[in-house]
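Chemist: My questions concern the predicted model and sequence given below.
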Amino acid sequence: MKNFTKSPNLFLVLLFSLLTITSCQKDDGPSMNDGEQQENVPDNFSEYFGNDVSKNFLGTVIDDDKDPIEGVTITIGNETATTDSNGVFIINNATVKERFGYIKALKEGYIHGSRAVVPSNGTNKVTIMLLEASITGTISSGNAETVTSDDGSSVSFDGNFVKEDGTEYTGSVDVIMHHLDPADEDMPMQMPGMLYAQNEAGAERMLQTLGMLAVEL
């Protein structure tokens, strides 16, 4: 499998998650009779998110010492803002979905962060913890190699890398890794997105993580 990257700054976030699926609705409900479906599954999963709405957001971006990070670029829909000296950002009238709002937090020197929320009425408050982009190891294209962090987490690469435009990349690749421990009370602020997915039938489900790896190249 090829690993997709940016050039010259290689970027990739891989989340290796051991997930157990728990139903949003009971799976052992009434049996289906005469073609009756247990769940009303839409044609597109995004239909679960609802219509476009305008919402207000107030957030804070911190590091793993819980100190504020200034100068983080925040994007929600088509709206952007930058955190102040207190790590605070405000975005009003951002266009999101009724049940899904996606927030991106970017700053050089940190792994790219994000958060997905179910917007509520009033001001939506969110805290994002960015992890430092410290290099765990360096590998070379064309060689199958494994990078292991101090905590024993490891990722194997087949050596095939491509740039964002689809052309082959050759050269060295810096690998940045962080283990996201579900026992860590800070993990909800660190992990991207949210534990929400669809099953094979296209129905919505909630997930439970048993651990993740955040990886950037």
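Modeler: Alright, I've got the coordinates. Since the structure is predicted, the reported quantities are computational estimates derived from the model, not experimental observations. Residues are numbered from 1 along each chain as shown.
Chemist: Quick one: name whatever helix or strand follows the helix-or-strand element of the chain with minimal mean pLDDT.
Modeler: Using mean pLDDT, DSSP states H and E, strand 19-23 stands out as the lowest-scoring helix or strand of the chain, at a mean of 36. Remark: after strand 19-23, the chain's next helix or strand is strand 52-62, criterion DSSP states H and E.
Chemist: I'd like to know which elements whatever helix or strand comes next after that following strand is packed against.
Modeler: Counting by DSSP H and E, the element after strand 52-62 in chain order, helix or strand, is strand 73-76. Counting contacts by 3 or more Cβ pairs under 8 Å, 6 or more residues apart in numbering; DSSP states H and E, strand 73-76 is packed against strand 52-62, strand 79-82, strand 88-97, strand 101-106. For the C-beta atoms, the positions are set from N, CA and C on the backbone; glycine is no exception.
Chemist: want to throw those into a markdown table with distance to residue 157?
Modeler: Output for the helices and strands packed on strand 73-76, formatted as a markdown table (distance: least, Cβ to Cβ, whole Å):
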| stretch | distance to residue 157 |
| --- | --- |
| strand 52-62 | 30 |
| strand 79-82 | 33 |
| strand 88-97 | 35 |
| strand 101-106 | 24 |
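Chemist: Nearest to residue 182, out of those?
Modeler: Residue 182 lies closest to strand 52-62 among those, at 19.6 Å (Cβ to Cβ).
Chemist: what's next to that closest one, contact-wise?
Modeler: Strand 52-62 is contacted by residues 68-69, 72, 74, 76, 83, 86-98, 101, 103, 105, 107, 113, 119, 122-130, 189 when judged by Cβ atoms under 8 Å, 6 or more residues apart in numbering.
Chemist: out of everything not next to it in sequence, what's closest to the residue nearest the centre of the chain?
Modeler: Most central in the chain under Cα atoms, centre = their mean is residue 192, positioned 2.6 Å from the mean C-alpha point. Distance criterion Cβ to Cβ, 6 or more residues apart in numbering; nearest residue to residue 192, sequence neighbours excluded, is residue 114 at 4.2 Å.
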